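**Q** here's a sequence, model it:
(chains A, B, C and D)
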Amino acid sequence: MEKLYASFDEAVSDIFDGAVVMVSGFGGTGGTAQKLLLALRNHGAKDLTIVSNTAGLASLLGFGTLPGHTAIDVGTLIDNDQVIKVIASYPVSPSPSKINSFESYFRKGKMELELVPQGTLVERIRAGGAGIPAFFTPTGVGTQLSEGKETREFDGKQHILEHALKSDFALVKGYKADTLGNLTYKGTSQNFGAVMVRSTGISIVEVDQVVNIGEIDPHLVHTPALFVDRIVTL
Amino acid sequence: MEKLYASFDEAVSDIFDGAVVMVSGFGGTGGTAQKLLLALRNHGAKDLTIVSNTAGLASLLGFGTLPGHTAIDVGTLIDNDQVIKVIASYPVSPSPSKINSFESYFRKGKMELELVPQGTLVERIRAGGAGIPAFFTPTGVGTQLSEGKETREFDGKQHILEHALKSDFALVKGYKADTLGNLTYKGTSQNFGAVMVRSTGISIVEVDQVVNIGEIDPHLVHTPALFVDRIVTL
Amino acid sequence: MLGRLPREVIAMRVARELKDGDVVNLGLGIPSLCSQYVPEGRTVFYHSESGVLNYGPMAEEGEEDDDLINASGQFLQPIAGMSFFHSADAFAMIRGGHIDVTVLGALQVSERGDLSNWMLPSRGIGNVGGAMDLAAGAKRVIVAMEHIGRNGDPKIVSECTFPLTGPRCVSLIVTDIAVISVEKEGLVLRETAPGWEPRDIQNETEPQLILADDIKEIAL
Amino acid sequence: MLGRLPREVIAMRVARELKDGDVVNLGLGIPSLCSQYVPEGRTVFYHSESGVLNYGPMAEEGEEDDDLINASGQFLQPIAGMSFFHSADAFAMIRGGHIDVTVLGALQVSERGDLSNWMLPSRGIGNVGGAMDLAAGAKRVIVAMEHIGRNGDPKIVSECTFPLTGPRCVSLIVTDIAVISVEKEGLVLRETAPGWEPRDIQNETEPQLILADDIKEIAL
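**A** Below you'll find the model as predicted:
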């Protein structure tokens, strides 16, 4: 029942080799669980499959990163040779002249990529947490990302069948949590994290602040406590 | 651009005969747009298809209604002979000895019913607003409510295909709105309304209070302004 | 005539099944009583389809708020640590496997754990509500009910004759005379009400019961 | 040599397409400039995939907040009337048809309105981001781009040779020399940059352009 963990290291200590790990964040430092990612790098679990919007933009390019700050993101795990596959919508640097670690590994044939349109990616994660094994979507129809996928017409428009996405762990950045696990996020940092906590075996949430039960307005809870397994803060 | 309407009557004046109308609320008075329902009764549009969790429990049985209060709900429209079809999860009185107007009409063959499990009902509404034309769900498999539906196995478990649900209008009860249409709800009164505003042609929202832009914390907005077409308050 | 356990005692026995930290959804009737009997030292979070997690007891007279109800339309007390959400999220929790235990009433439960609880065929129309979602989505479905119907018919049957809520979903049946678990090999009689012999319980049960090696008297 | 309109002017022309009350999603590059040129008296709500509706201009230096970014990772200013939401809701808005207009950059647009804007085949890998969702879900897709590529190749082509973002999704193309609408019968040249004759524009366009009856000079 106790969800509050004493350290980031302890909170990630059972992430096993070969695990599927969802990583929150849009790509910048906001909404990215940087201390949990650092702990996972130190922990060293290998052969991870990462589900994440990007495959390392902040650590390389400063995407969404405050001037003068260094960022920890999925790139940190890739640099440390812990990742074998990435499921993402925005895996590489927008500039072909400044490539990220993911792309280097990919070019060497040492990394698998499942490229997914951003809205399909998050809807697949949402489906994984909502007991919906598959759904039809118009996104990607007629493109190379729909190759081999089942197609069906609804209302005169083609759609493709997409499948739910789940994970063993999710590393998520929140803003404030109470000790039961009720969670709020700040600004645009709900993004993928608020969905990933729902579709994972164990959700591990890094927050700026842990407060007493009752200190979060029940109308303001973005993630109800049942989706949160572990909470850790500095 | 102006979303604020001067009267309940004006806000529902273009609801046409034969329209599909979603009605918010779990079944009690909380979350039910009672003044809009009354205006629609007075307006008199006929042959309506109603999408709603119940088909009139508060007005008959006092379900979720404060002691000593009378309730306006879908039953009010049915009593006035405006409804030809109901899509609901909880259409009749739990007590066979005290039947609601819906059931009387139904028994006379004057009313069509599409009975849908509650979670499937709201997921179909959510899908309608999210551009998902159809999805697979485990709910209802092996029951009479899945008869004739496409079945498919995922992860060794049977699922059925369910289709999105949309409407011409939604009558929704909120708590507070700003003049842009940002909306909050109180307590358990988000229920169906917060989903219906997303999947309807025109959403009409009855609120307790209209506030200035900026008075609702952007983290607390339950329904972003783009889902709200009309706002009306006493 | 052998004594039957009152509804409160059925609820007490079911409450023992709830573990610390469980997220629990309670149906109408006997199930709704369970929350009063959770053993001390265990914290249970109640979920309602109306869009609330971790709600308090029923509201006192004069304190009712129609914006704070459960799925039966009853008024709840607010408590610290609650959260509110819309119905799509409420049912994503159920369908997505985030509810540890649901306790439901039943009209019939079959030998295989099939559940019928939403419609009396004689009425020809019924309320499905959230029952099918709970039957399909909750990690564990416990049925709490009287062992036989008012007319004396067994409610634990070889094959449900009433419309199904869900096939093979029930894992435990707690009645006013017995505790029976649904296993691959069939229904296993685990506990009996004081004074009741297994054969007495079999007499009120349509399918053949398998007797557990260590049948006990129902304890609270 | 004929003069080409600067990026800012392309953005100004696109901005004229935005109506009062429109919900608008702006892509990277020229599209992102449009917000500065919305005609007075019109209120436009900006949506970003990062999870915000109705955001303010770019943040000033020293005022950046990494919890308030757009889909390009740029820092935004807060404004009254904003709202925040998670990515599943952000894309439900897009896919569900709640975005009135999206303005996107393009590598190629075909005669039928097919759009290619996410991958250069020469690189062999690309970022799809939210582009396919916007192409499939927004009510109206406007492309804002230079008329020809840096190497002089036409970007308005008979058939896209680069990987598609979406088929038949573009309705208007605004470039540095022309405004072209995509119609059932083909591409219709509506407006030209000052000094440009239709034949000059045709020279830089692969498919045959249909000339509108009332071709005008691009006005702002």
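
**Q** lowest average confidence, helix or strand, in the chain?
**A** This is for chain A. helix A:58-61 (a mean of 86; mean pLDDT, DSSP states H and E).

**Q** oops, I was thinking of chain C
**A** Per-SSE averages on chain C (mean pLDDT, DSSP H and E): minimum helix C:30-33, a mean of 93.

**Q** show me what the next helix or strand after it packs onto, helices and strands only.
**A** Counting by DSSP states H and E, the next helix or strand C-terminal to helix C:30-33 is strand C:45-48. Applying 3 or more C-beta pairs under 8 Å, 6 or more residues apart in numbering or on different chains; DSSP states H and E, we find strand C:45-48 packed against strand C:23-26, strand C:52-53, helix C:87-95. (C-beta placed from N, C-alpha, C; glycine too.)

**Q** as JSON lines, the ones you listed with mean neighbour count and distance to chain D would be great.
**A** Formatted as JSON lines, the helices and strands packed on strand C:45-48 follow (neighbours: other C-beta atoms under 10 Å in any protein chain shown; distance: least, C-beta to the nearest C-beta, whole Å):
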{"stretch": "strand C:23-26", "mean neighbour count": "26", "distance to chain D": "21"}
{"stretch": "strand C:52-53", "mean neighbour count": "27", "distance to chain D": "18"}
{"stretch": "helix C:87-95", "mean neighbour count": "27", "distance to chain D": "10"}
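
**Q** quick one: the strands in the chain?
**A** The chain I'm using is chain A. A:20-23, A:48-51, A:83-88, A:112-115, A:134-137, A:151-154, A:157-163, A:167-173, A:176-178, A:183-184, A:200-206, A:209-211, A:230-232 (DSSP state E).

**Q** that's the wrong chain, I meant chain C
**A** C:23-26, C:45-48, C:52-53, C:83-84, C:101-104, C:108-110, C:115-116, C:140-144, C:156-157, C:170-174, C:178-183, C:186-192, C:210-217.

**Q** turn the ones you listed into TSV, including distance to B:V12 and mean pLDDT.
**A** Shown next, in TSV, are those (distance: least, C-beta to C-beta, whole Å; pLDDT from 0 to 100):
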stretch	distance to B:V12	mean pLDDT
strand C:23-26	36	98
strand C:45-48	31	97
strand C:52-53	30	98
strand C:83-84	27	98
strand C:101-104	39	98
strand C:108-110	45	98
strand C:115-116	41	98
strand C:140-144	42	98
strand C:156-157	50	98
strand C:170-174	45	98
strand C:178-183	51	98
strand C:186-192	55	98
strand C:210-217	61	97
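
**Q** may I have the biggest helix by length in chain A as CSV, with CA atoms only?
**A** For chain A, the longest helix by residue count, based on DSSP state H, is helix A:118-130. Extracted in CSV, the C-alpha atoms of helix A:118-130 (Å, rounded to 0.1, in the frame of the first residue of the first chain):
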residue,chain,number,x,y,z
GLN,A,118,1.9,10.8,-32.7
GLY,A,119,-1.9,10.6,-32.3
THR,A,120,-2.0,6.9,-33.1
LEU,A,121,0.8,6.3,-30.6
VAL,A,122,-1.0,8.0,-27.8
GLU,A,123,-4.4,6.5,-28.7
ARG,A,124,-2.8,3.0,-28.7
ILE,A,125,-1.4,3.8,-25.2
ARG,A,126,-4.8,5.0,-24.1
ALA,A,127,-6.4,1.9,-25.5
GLY,A,128,-4.0,-0.3,-23.6
GLY,A,129,-5.1,1.3,-20.4
ALA,A,130,-8.8,1.2,-21.3
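
**Q** count the residues that sit near A:S97.
**A** Residues near A:S97, counting by other C-beta atoms under 10 Å in any protein chain shown, number 5.

**Q** residues contacting residue 12?
**A** I'll assume chain A. Counting by C-beta atoms under 8 Å, 6 or more residues apart in numbering or on different chains, A:V12 touches A:L36, A:A39, A:L40, A:H43, A:F169, A:L171, A:I204.

**Q** not quite, go with chain C.
**A** Neighbour list for C:M12: C:Y37, C:L220 [criterion: C-beta under 8 Å, 6+ apart].

**Q** tell me the contacts of the nearest residue to A:F16 once chain neighbours are set aside?
**A** Spatial nearest neighbour of A:F16, excluding adjacent residues (C-beta to C-beta, 6 or more residues apart in numbering or on different chains): A:A45 at 6.1 Å. Residues in contact with A:A45, defined by C-beta under 8 Å, 6+ apart, are A:I15, A:F16, A:D17, A:A19, A:Q82.

**Q** what's the local residue count around the last one?
**A** When counting by other C-beta under 10 Å, one arrives at 21 neighbours for A:Q82.

**Q** could you verify my assumption that it touches A:L48?
**A** Yes. A:Q82 lies in contact with A:L48 (C-beta atoms under 8 Å); the separation is 5.4 Å.

**Q** now C:N54: how far from C:I180?
**A** Distance of C:N54 to C:I180, given as C-beta to C-beta, to the nearest Å: 31 Å.

**Q** what about C:K184, how many residues nearby?
**A** Look at C:K184: counted by other C-beta under 10 Å, it has 6 neighbours.

**Q** show me where pLDDT drops low in chain C?
**A** Applying pLDDT under 70 to chain C flags residues C:1.

**Q** still on that earlier bit, tabulate the helices and strands packed on strand C:45-48 (TSV), appending distance to C:E191.
**A** Shown next, in TSV, are those (distance: least, C-beta to C-beta, whole Å):
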stretch	distance to C:E191
strand C:23-26	21
strand C:52-53	31
helix C:87-95	29
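
**Q** among these, which is nearest chain B?
**A** Comparison of these against chain B by C-beta to the nearest C-beta identifies helix C:87-95 as nearest, at 3.2 Å.

**Q** could you report the pLDDT at the nearest residue to A:G31 once chain neighbours are set aside?
**A** Distances taken as C-beta to C-beta, 6+ apart place A:S189 nearest to A:G31, at 3.3 Å, with adjacent residues excluded. Predicted confidence (pLDDT) for A:S189: 98.

**Q** for A:S189, list the residues it contacts.
**A** Going by C-beta under 8 Å, 6+ apart, the list of residues near A:S189 reads A:G25, A:F26, A:G30, A:G31, A:K173, A:Y175, D:G51, D:D66, D:D67.

**Q** rewinding a little: so C:N54 and C:I180 - more neighbours on which side?
**A** C:I180 (27 against 24).

**Q** ok, now which ones touch the more buried one?
**A** Under the criterion of C-beta under 8 Å, 6+ apart, the neighbours of C:I180 are C:I156, C:L172, C:I173, C:L187, C:V188, C:L189, C:R190, C:T205, C:L209.
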